[in-house]
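**Student:** turn this into a model:
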Amino acid sequence: MNQQGKLIITGASGFTGQHACAHFLKSGYDITAVSRKKMNIEGSIHAECCDLINGNDVYNLIKRTKPKYLLHLAGQSHVGESWSEPVSTLEANTMSTAYLIDAIRKESPDCKIVIVGSALQIDPSSVSSIPHPYSLSKTLQVLIAQSWAFLYNMNIIIAKPSNLIGPGVSNGVCSIFAKKIAEMERKGMEKVLEVENLEVQRDFLDVRDAVRAYDLLLTRGQPGETYDVASGNIHSLGEIIEGFRSVTTDDIKVNSQQNEKIENKVAIDPIKLMNLGWKPSITLESSLKDILTFHRE
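**Tutor:** Just a heads-up that it's a prediction; the model follows:
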C-alpha cells in the first residue's frame, strides 16, 4: 500500500533513475516514472513517456498526476556531448526544469521538489570559471529553481551530488574502467587500461547512498536550501584502479599520460545533509566490486 503519496521521478530510465525507482517503490511511494523512451517497469510503478522540453506535454503530465513530490533527475549529463551540442544541453537541463516547476506552481503548488544539480555547477557571477557548457547548463538550472522558490514561495530543494558510482549502465569513469576490465577478462586480451591522468581526484559516492539522501531531502530537507550529496572523501583515479585490481585476479597494467592541466575543483561538503541524519553506508570497495560484477554479468 502506498503510504507516502504521489512521487514523479524524471529521468527514470537513467543510471540514477533506475536505482531511485527501486528505492522509492520499497519506501511506499506511488511512483510515476518519467522518461523520453518507453520503459520496461517492474512492480506497481506507472510509466509515462514525456519530452520534458515540450512545455505543453509537461503541463499536461503535472495536471494529470498532481504529485506530492518531484525528484528531477532528467537531463543531459555528458560533458563531452555538451561541447558539441551546447544548445540542446541547455534545453535539456534548464528548460525541462523551468517547465516542470512552473507546471507544479500552477497545478500542484504544495508539491515538494528536489532538483538534482551537479558538483560541476559554479558561481554564476564568475563566467570565466565556467569549464564547459555542461557546467553552464547545471548552473542555470539551479539558478532557475532557486529563483522560482524565492519568487513564488515554492518548496524547492537543491541536491548537489558528487561523482555517483555503482552497478548499472553509466558513463562514469568507474563504469568505463570496469567495463574494460570485464571485457579483458572474457576475451583474454592485453590487460592495459588507458588513463589520461592517474592523479585526478574526485569524491566518489555510491548511487544507492545518493538515492537515500534524495529520499531524506524530500521528507526532511528545508525549502530553499542546497545540500551537497557526497562521501566527504577524495580518491585519485590511481586509487580507483588499485581498488579494481583487488577484486580481479588478472594483472591489470596502466598506461598513463600525466596531464598537468589544473582543474577547477568545486568545494563539496556533506555536513548539512549529515545533520539531517544521513551518512554513506556503502564503502568504495563494495561499490567497485558491485560495478565490476555488473559488467561481468
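**Student:** neighbours of Asn153, just the number please.
**Tutor:** 12 (other C-beta atoms under 10 Å). All C-beta spots, glycine's among them, are computed from the backbone N, C-alpha and C.
**Student:** would you quantify the distance from it to Ser147?
**Tutor:** 12 Å (C-beta to C-beta, to the nearest Å).
**Student:** pass me the low-pLDDT residue ranges in the stretch 101-250 of the chain, would you?
**Tutor:** 189 (pLDDT under 70).
**Student:** just the pLDDT at Lys38, thanks.
**Tutor:** Per-residue pLDDT puts Lys38 at 83.
**Student:** how near is the nearest residue to it once chain neighbours are set aside to Lys37?
**Tutor:** Distances taken as C-beta to C-beta, 6 or more residues apart in numbering put Cys49 closest to Lys38, at 6.0 Å, once the chain neighbours are dropped. According to C-beta to C-beta, Cys49 and Lys37 sit 7 Å apart.
**Student:** these two - which one has more neighbours?
**Tutor:** Cys49 (13 against 8).
**Student:** from Ala98, how far out is that one?
**Tutor:** Taken as C-beta to C-beta, the span from Cys49 to Ala98 is 20 Å.
**Student:** now name the helix or strand holding Asn255.
**Tutor:** Secondary structure from DSSP states H and E places Asn255 in strand 253-256.
**Student:** which strands and helices sit next to that strand?
**Tutor:** Where contact means 3 or more C-beta pairs under 8 Å, 6 or more residues apart in numbering; DSSP states H and E, strand 253-256 is packed against strand 192-195.
**Student:** in its sheet, what does the strand it packs on sit against?
**Tutor:** strand 253-256 (parallel) (DSSP bridges).
**Student:** following the strand it pairs with, which helix or strand shows up next?
**Tutor:** Next along from strand 253-256, by DSSP H and E: helix 271-274.
**Student:** report the buried residues of that following helix.
**Tutor:** Residues of helix 271-274 classed as buried by neighbour count (16 or more other C-beta atoms under 10 Å): Leu273.
**Student:** go on, stretch 151-169?
**Tutor:** 154-168.
**Student:** which element, helix or strand, includes the nearest residue to Lys272 once chain neighbours are set aside?
**Tutor:** Once flanking residues are discounted, Lys272 sits nearest to Tyr227: 5.4 Å by C-beta to C-beta, 6+ apart. Assigned by DSSP H and E, Tyr227 falls within strand 226-229.
**Student:** what about Val142, how many residues nearby?
**Tutor:** Val142, neighbours per other C-beta under 10 Å, totals 24.
**Student:** my guess is it meets Ala159, correct?
**Tutor:** No: taking contacts as C-beta atoms under 8 Å, Val142 lies outside contact range of Ala159: 10.0 Å.
**Student:** ok, then the element right after the longest helix anywhere in the chain?
**Tutor:** Secondary structure of the chain per DSSP state H: the longest helix is helix 133-151. Using DSSP H and E, the helix or strand that follows helix 133-151 in sequence is strand 156-161.
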